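Enquirer: The following block contains a protein sequence and its predicted model.
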Amino acid sequence: MDKLDIEFINKQYKNQINTIIEVGSLDGKDAITMKTAFPNATVYAIEGLPEYYEMYLKKLKNIITICKVITNYNGKINFFRKKFHSPNGVSEHCARPVGIHSIYNRGNEYGGGILEVECCTLKDICDSNKIDGIDILYIQACGTSYEILEGLGSMIGRCRIIYLETESIEFFKGQKLHRNVCNLLEKSNFECYKMKEYIITKSGKQFYSIWLNKNKENIINDNMITNNKKTTNNKKSTNNMEEISNTKTVNNKEITNDKKESSNTEEINNTEEINNKEITNDMETLKDNKEVNDKEVENNIQIEINKPIVGEKKKPTTATATRTRATYATGRRGRNKVI
């Protein structure tokens, strides 16, 4: 993607580019270019060859990298890994990033081997990463553009811009051709904005083209609504968290107040118990004092009763009177028995 293409996208879509996916990222240079041009966008760089992923993509910053072969089903697939000549003329694997590794065989003359690797659809990548729409889909995947688009399913209608490469002949044995990919895009309501062609063999060409979704305004509005919903949901989540926090604070204050009130109630109860005990003790003391006073009064009354009246002769007791009569009787009658 060149500068003119980036300028066109910025003008046409008013900088509303939020999600970019590159399939067949190779060394990640195109992903870096797009991240630089659209710094607010989330960029995904996908590469199927594990060596390239380890050498180039794994260390990228601010770009989400995925090591996976993208096709039209989920599972495992044979991946043709090719030899090529490095600048010093030595034949080796992955000496420099050259895009001839594919799920289709480039040709036995390139040698190499076959790897069994994990594969999935692009829709599966979108679902796994909660991607609602793709603003730029950038495909350079060595003869597999058709399978990648087919694996999007209905999600293809959620793409704004598709940049891809196609071939007019089987550059990779068994691949779908340029006309097949164009028919699929046209049926999916896309129109070609720009196309470049390069001669790759005496009888065949390779094409680089940019396709725009005819319903771009609806996609922009839908994506804006989706982004606004996400922002609204985040705000609601934040507000809910604040409400929960405030509720916890209120509850903690109420618990603290309840504890204080409980503590005060216990203090009051303890004070009442102490006062009740003191009152009981005072009543018992008063009762004891009353009993003592009553006894003193009773004794005083008894003393007063037994005290002789002044000027009154003391009457003889019953025993004294009896003895006097007895003596009188004896003196009178001699030895008569005492009556």
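Expert: Received, thanks.

Enquirer: where does the stretch 1-150 of the chain have low pLDDT?
Expert: 84-99 (pLDDT under 70).

Enquirer: residue ranges for the helices of it, please.
Expert: Taking DSSP state H, counting those that start in this stretch as the criterion, the stretch 1-150 of the chain contains helices spanning 3-13, 29-37, 50-52, 122-128, 145-150.

Enquirer: highest average neighbour count across those?
Expert: helix 145-150 (a mean of 24; mean count of other C-beta atoms under 10 Å). (Glycine included, C-beta is placed from N, CA and C.)

Enquirer: For Ile200, grab the count of nearby residues.
Expert: Using other C-beta atoms under 10 Å, Ile200 is surrounded by 13 other residues.

Enquirer: Relative to Ser128, how far out is it?
Expert: Using C-beta to C-beta, to the nearest Å, we find Ile200 at a distance of 35 Å from Ser128.

Enquirer: try Lys173
Expert: Lys173 is 31 Å from Ser128, by C-beta to C-beta.

Enquirer: now do Phe190
Expert: Phe190 is 25 Å from Ser128, by C-beta to C-beta.

Enquirer: Same check on Ile114?
Expert: Applying C-beta to C-beta, the value for Ile114 to Ser128 is 27 Å.

Enquirer: Then Lys35?
Expert: Separation of Lys35 from Ser128 (C-beta to C-beta): 21 Å.

Enquirer: repeat for Lys3
Expert: Lys3 is 33 Å from Ser128, by C-beta to C-beta.

Enquirer: What of Phe8?
Expert: Taking C-beta to C-beta, one finds Phe8 at 31 Å from Ser128.

Enquirer: How about Met1?
Expert: Met1 is 25 Å from Ser128, by C-beta to C-beta.

Enquirer: Verify the contact between Met34 and Val43 for me.
Expert: Yes: applying C-beta atoms under 8 Å, one finds Met34 in contact with Val43, separated by 5.9 Å.

Enquirer: tell me, what's touching those two both at once?
Expert: Residues touching both Met34 and Val43 (C-beta atoms under 8 Å, 6 or more residues apart in numbering): Ile20, Glu22.

Enquirer: ok so, going back, pipe the helices of the stretch 1-150 of the chain into CSV and attach distance to Leu137 per row.
Expert: Listed next are the helices of the stretch 1-150 of the chain as CSV, based on distance: least, C-beta to C-beta, whole Å:
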stretch, distance to Leu137
helix 3-13, 12
helix 29-37, 11
helix 50-52, 20
helix 122-128, 8
helix 145-150, 8
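
Enquirer: Ile21: which of those is closest?
Expert: With C-beta to C-beta as the criterion, Ile21 lies closest to helix 122-128 of the helices of the stretch 1-150 of the chain, at 7.2 Å.

Enquirer: neighbouring contacts of the closest one?
Expert: 21, 23, 44, 46, 66, 68, 70, 74, 131-132, 134, 137, 148, 151-153, 155.

Enquirer: Name the nearest residue to Ser188, sequence neighbours excluded.
Expert: Excluding its sequence neighbours, the residue lying closest to Ser188 (C-beta to C-beta, 6 or more residues apart in numbering) is Ile156, at 4.9 Å.

Enquirer: Let me know the secondary structure of that neighbour.
Expert: The three-state assignment at Ile156 reads helix, by DSSP: H, G, I helix; E, B strand; the rest coil.

Enquirer: Number of residues surrounding the residue nearest to Ile169 when sequence neighbours are not counted?
Expert: Distances taken as C-beta to C-beta, 6+ apart place Gly204 nearest to Ile169, at 3.3 Å, with adjacent residues excluded. As a burial measure, Gly204 scores 14 neighbours (other C-beta under 10 Å).

Enquirer: Hmm, Met34 and Ile63 touching each other?
Expert: No: Ile63 lies out of contact with Met34 (C-beta under 8 Å); the separation is 9.1 Å.

Enquirer: list the residues that contact both of those two?
Expert: Val43.

Enquirer: related to what we said a few turns ago, do you know how far the residue nearest to Ser188 is from Ile148?
Expert: 10 Å.

Enquirer: now swap in Ile136 and tell me
Expert: Distance, Ile136 to Ile148, using C-beta to C-beta: 14 Å.

Enquirer: Kindly report the same for Ile162.
Expert: 10 Å.

Enquirer: so what sits against both of the two?
Expert: Ile139.

Enquirer: Out of the contacts of helix 122-128, which sit inside strands?
Expert: With strands taken from DSSP state E, the overlap with the contacts of helix 122-128 comprises Ile21, Val23, Tyr44, Ile46, Ile66, Ile70, Ile134, Leu137.
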